[in-house]
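[1] Have a look; sequence and predicted model below, questions after that.
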Amino acid sequence: MHRDRTIWPEIFPADCPPSDAYREDQSYFRFIKTDVCLCYDFFSYRELYPEKEYSGERRINSYGLSVYDNIEEAQTILIFPKANRKFNSIATGSVYNGLIKYTGAPGHITWWVFKDEKPEEYFSIIFKIEDYSA
């Protein structure tokens, strides 16, 4: 069910999300730490590391979540050992409940989620990283 909401979490600064972010109803991919999607898998860097300081575009992006527009681009980071230790699965789900913007690497999107949304309820694991062979 699509909800037309634009209420942002209280921790978002006035300039977040950026004015060029937009809404799109499409499925995206996200790295997950376990075999099931939990609320902790959808915490922003700002929520995980509130004491860390960011500047420029990275400051605004730290309030959003990283997702990828295709599985091939998401899988490219698995060549880095740190990614293989940090994540266990890849999930997919729709990001209609927020705004997105392409940021950083090819296929990488920052997703700013509306207040009180629960992405863990509509993202699903599609495969475990241990099953991935590069």
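    Cool, the structure landed. Since this is a predicted model, take the numbers as computed values, not measurements.
[2] pretty sure residue 73 belongs to a strand, no?
    No - per DSSP: H, G, I helix; E, B strand; the rest coil, residue 73 lies outside any strand segment and is helix.
[3] Count residues in the vicinity of the nearest residue to it once chain neighbours are set aside, would you?
    Of all residues not flanking residue 73 in the chain, residue 107 sits nearest, at 2.8 Å (Cβ to Cβ, 6 or more residues apart in numbering). To be clear about C-beta, it is placed using only N, CA and C from the backbone, and glycine gets the same treatment. Neighbours of residue 107 under the rule other Cβ atoms under 10 Å: 17.
[4] same question, residue 110
    By the criterion of other Cβ under 10 Å, residue 110 has 24 neighbours.
[5] Also residue 103?
    Residues near residue 103, counting by other Cβ under 10 Å: 17.
[6] Would you confirm that it contacts residue 57?
    Yes - taking contacts as Cβ atoms under 8 Å, residue 103 lies within contact range of residue 57: 7.0 Å.
[7] which residues touch residue 74?
    With contacts defined as Cβ atoms under 8 Å, 6 or more residues apart in numbering, the neighbours of residue 74 are 29-31, 68, 90, 107.
[8] can you rerun that using 10 Å?
    Residues in contact with residue 74 (Cβ atoms under 10 Å, 6 or more residues apart in numbering) are 28-31, 66-68, 83, 90, 92, 107-108.
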